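**Q** Provided below for reference: sequence and predicted model.
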Amino acid sequence: MLTRDKLDKDIQATVTNALREDIGGGDITAQLIPAENTATARVISRQDAVICGVEWVNEVFRQVDPELKIEWKVADGDRVERDQELFIATGSARNLLTAERSALNFLQTLSGTATISRQYADMVEGTGVKLLDTRKTLPGLRTAQKYAVTCGGCFNHRLGLFDAFLIKENHIMGCGGIEAAIKTAQTNEPGKPVEVEVETFEELQAALIAGADIIMLDNFTLEEMRESVEFVAGQAKLEASGNVTDATLRPIAETGVDYISIGALTKHCQAVDLSMRFVQD
């Protein structure tokens, strides 16, 4: 579960790493500008988007120079149009330029994730299904992208390998069967959600009898999904996975499954095109 405390710690750590990576021993180009010079910078979006990353940007500017001031015109989750102003930053000209790339990297990437998440969420509006992300995230940005998904109107699956079980084919084989895998999970970590991926109706029955909390229907046809929903009748949550495209998404949602997991929410995101320019005082 993504908590406020975890998010705050992650923001500070990921920003520190990003600045270390970018600045290294010092921004030699920014040093060309006289130290006493101040400036005002304006950031706009060059395309329609859903914004995410406000706190990451704030933290970048804070770590570079606590005296830099930011005036936001938007908030996380807001839809913006092409050429819309996102924020204005003022302070040391040198430090504004030093902070620019790291700040915009976070904002463009997380807004890209939020934007594609909103596109998918809009496709299933009114069906009641929840669209879930996966662990197919950019290394080092797991928490950030998971947050961005929620800004786009979708939901989080497990954060990692530690907070919920997802028992797949190889786990089942290694444990000696679905029932053994589920029972061992319930014994090892009581109270943590147990999800099992199934590929046949027989495996679905076995998972339900063994007490799985969530059953993932891997590459089931639409008819098989509808039959599964009727058979399970609310005894466990059902999640559809595999073969999810723009064309199949809403038909899958209309089968009555509880969740649809979509790796594309995080791994297919395209960074939003942003621009920062100094303006005349």
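**A** Cool, the structure landed.

**Q** so where do the strands sit in this protein?
**A** 38-45, 49-50, 69-72, 79-80, 85-92, 130-132, 165-167, 194-198, 214-218, 237-241, 259-261, 274-279 (DSSP state E).

**Q** which helices and strands sit right next to the second one?
**A** Contacts of strand 49-50 with other secondary structure elements, assessed using 3 or more C-beta pairs under 8 Å, 6 or more residues apart in numbering; DSSP states H and E, are made with strand 79-80, helix 93-123. Where you see a C-beta, it was placed from the backbone N, CA and C, and this is true even at glycine.

**Q** got the contact list for that strand?
**A** Contacting residues not belonging to strand 49-50 are listed as 77-80, 111-112, 114-115, 117-118, 151-152, 272 [C-beta atoms under 8 Å, 6 or more residues apart in numbering].

**Q** now do the same contact list for T29.
**A** When contacts are counted by C-beta under 8 Å, 6+ apart, T29 is found next to L97.

**Q** wait, doesn't T255 sit right on E227?
**A** No: applying C-beta atoms under 8 Å as the test, T255 and E227 come out as separate, 9.2 Å apart.

**Q** the more surrounded of the two?
**A** For T255 and E227, the more surrounded residue by other C-beta atoms under 10 Å is T255, and the numbers stand at 23 against 15.

**Q** so what's the more buried one up against?
**A** L222, M225, R226, V229, A240.

**Q** what number of residues lie near the closest residue to it other than its chain neighbours?
**A** Excluding the flanking residues, the one nearest T255 by C-beta to C-beta, 6 or more residues apart in numbering is M225, at 4.0 Å. Counted by other C-beta under 10 Å, the residues lying close to M225 total 19.

**Q** same check, this time on Q84
**A** Neighbours of Q84 (other C-beta under 10 Å): 17.

**Q** the one 4 residues further on too?
**A** Counted with other C-beta under 10 Å, the burial measure for I88 works out to 15 neighbours.

**Q** again, but for S275
**A** Applying other C-beta under 10 Å, we find 12 residues neighbouring S275.

**Q** how near is the residue nearest to T255 to M276?
**A** Applying C-beta to C-beta, to the nearest Å, the value for M225 to M276 is 47 Å.

**Q** now do L217
**A** Distance, L217 to M276, by C-beta to C-beta: 46 Å.

**Q** these two: who's more crowded?
**A** Neighbour tally, L217 and M276, criterion other C-beta under 10 Å: the higher count belongs to L217, 28 against 19.

**Q** so that one sits right up against V198, yeah?
**A** Yes: counting by C-beta under 8 Å, V198 is a contact partner of L217 at 6.6 Å.

**Q** between these two, which contacts overlap?
**A** In terms of C-beta under 8 Å, 6+ apart, L217 and V198 are both contacted by the residues L204.

**Q** now do the helices in the stretch 101-250 of the chain.
**A** For the stretch 101-250 of the chain, the helices defined by DSSP state H, counting those that start in this stretch cover 142-151, 169-175, 178-188, 201-210, 222-232, 249-253.

**Q** contacts for the last one?
**A** Outside helix 249-253, the residues that touch it by C-beta under 8 Å, 6+ apart are Y120, M123, V124, T127, G128, V129, L222, M225, A240, V244, I260, I262.

**Q** ok, 10 Å please
**A** Applying C-beta atoms under 10 Å, 6 or more residues apart in numbering, the contact partners of helix 249-253 are 120, 123-131, 217, 220, 222, 225, 240-245, 259-260, 262.
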